[in-house]
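In: Dropping the sequence and predicted coords here.
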Amino acid sequence: MPYHRLHYHLIWATYQREPWLIDEVERQVYGAILNKAKEIGCIVHAIGGIDNHIHIATSIPPKLAVAEAIRQFKGASAYYVNHQPQAAGNFRWQSGYGALTFGDRSMETIVAYAHHQKEHHHQNTTIAIYERIEEDE
């Protein structure tokens, strides 16, 4: 495997910004993403978010396109949530996403930002560039 240091801060939202990511659904989504990441060779450094969007600090291997990793994360998590016994079957993600690169020196900052999303949004201390999501055309 080639040596790589490809770190990404990924952001995407629930469909129509519906507040799905609470309690058990939040845990299910995070678990599904962690399992998919391991399966496709990504390292997840942090996952966090609020009820309508998610932040992930991850390292993606060069053999995998960033858009494909995001597609895999979104697909695996939506599938898992929708196939739970108590599920209504209508959980989904918006089509777009944000993807920012960062270096080793910024790892601690990005990991903390992802982990403390609830506090950032509650205290209005979010960083605009870290919150940006573009819709697919």
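Out: Received it, and whenever you're ready, just let me know what you need.
In: Assign Ala76 to helix, strand or coil.
Out: Put simply, Ala76 is helix when judged by DSSP: H, G, I helix; E, B strand; the rest coil.
In: Kindly provide the distance from it to Ile110.
Out: 22 Å (CB to CB, to the nearest Å). (Glycine included, C-beta is placed from N, CA and C.)
In: show me the contacts for Leu64.
Out: By CB atoms under 8 Å, 6 or more residues apart in numbering, the residues touching Leu64 are Ile40, Gly41, Cys42.
In: Low-confidence stretches in the protein?
Out: 1, 135-137 (pLDDT under 70).
In: Let's see which of the contacts of Leu64 end up in helices.
Out: Ile40 (DSSP state H).
In: Write a PyMOL command that selects only the buried members of the contacts of Leu64.
Out: Command for PyMOL, covering only those of the contacts of Leu64 found buried under the criterion 16 or more other CB atoms under 10 Å:
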select buried, resi 40+42
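In: can you put the contacts of Leu64 in a markdown table and add distance to Gln28?
Out: Shown next, in a markdown table, are the contacts of Leu64 (distance: CB to CB, whole Å):
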| residue | distance to Gln28 |
| --- | --- |
| Ile40 | 19 |
| Gly41 | 22 |
| Cys42 | 19 |
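In: The one helix or strand Ile33 maps to: how far from the chain's middle?
Out: If you go by DSSP states H and E, Ile33 is part of helix 23-40. How far helix 23-40 lies from its chain's middle: 10 Å, per CA atoms, centre = their mean, to the nearest Å.
In: and if you look at stretch 101-111?
Out: Its chain's C-alpha centre lies 15 Å from the corresponding centre of stretch 101-111 when counted by CA atoms, centre = their mean.
In: which residues of the protein fall in strands?
Out: With strands called from DSSP state E, the chain shows them at 7-13, 43-50, 53-59, 98-102.
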